[in-house]
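K.L.:
Okay, structure incoming, though there's no sequence with it:
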């Protein structure tokens, strides 16, 4: 994955996070309230947006940190994706997927905190 592609992926994820957050707050407001899943939707959108911003930042780093970037991408798909699906359907079993996304987020942050970083070429 190139930094340019990573920037586009991160920007698309950021766009989707804002769109889904607004969609949940307005178009799905009654449905989510009826199911009692508004908080799940809000949590999904928050983590989605925060990690899209982190991914956009990573895309600008030199050298590009592919490991944390992909960990955050997997985290958004599994964590936020499962919470969006749970919120829409009320199917609590989808919550079993969420921790795997959370683990991917933790792995990405762990790589950033403790992983070896390649040296910039001189």
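P.N.:
That came through fine. None of these values were measured; they are calculated from a predicted model.
K.L.:
C-alpha only now, for contacts and for neighbours.
P.N.:
Fine.
K.L.:
Can you tell me how far the closest residue to residue 80 other than its chain neighbours is from residue 3?
P.N.:
Setting aside the residues directly before and after it, residue 80 is nearest to residue 44 in space (C-alpha to C-alpha, 6 or more residues apart in numbering), at 4.3 Å. Distance of residue 44 to residue 3, computed by C-alpha to C-alpha, to the nearest Å: 26 Å.
K.L.:
between these two, who's got more neighbours?
P.N.:
Of the pair residue 44 and residue 3, residue 44 is the one with more neighbours under other C-alpha atoms under 10 Å, namely 24 against 18.
K.L.:
In the chain, where is pLDDT below threshold?
P.N.:
Under the criterion pLDDT under 70, the flagged ranges of the chain are 117-122.
K.L.:
Contact partners for the most centrally placed residue in the chain?
P.N.:
The residue lying closest to the centre of the chain (C-alpha atoms, centre = their mean) is residue 76, at 2.6 Å. Residues counted as contacts of residue 76 (C-alpha atoms under 8 Å, 6 or more residues apart in numbering) are 47-48, 51, 101, 105.
K.L.:
ok, now with 7 Å
P.N.:
Residues in contact with residue 76 (C-alpha atoms under 7 Å, 6 or more residues apart in numbering) are 48, 101.
K.L.:
now swap in residue 92 and tell me
P.N.:
Taking C-alpha under 7 Å, 6+ apart as the test, what residue 92 contacts is residue 86.
K.L.:
Distance check, it against residue 13.
P.N.:
Noted for residue 92: a distance of 25 Å to residue 13, by C-alpha to C-alpha.
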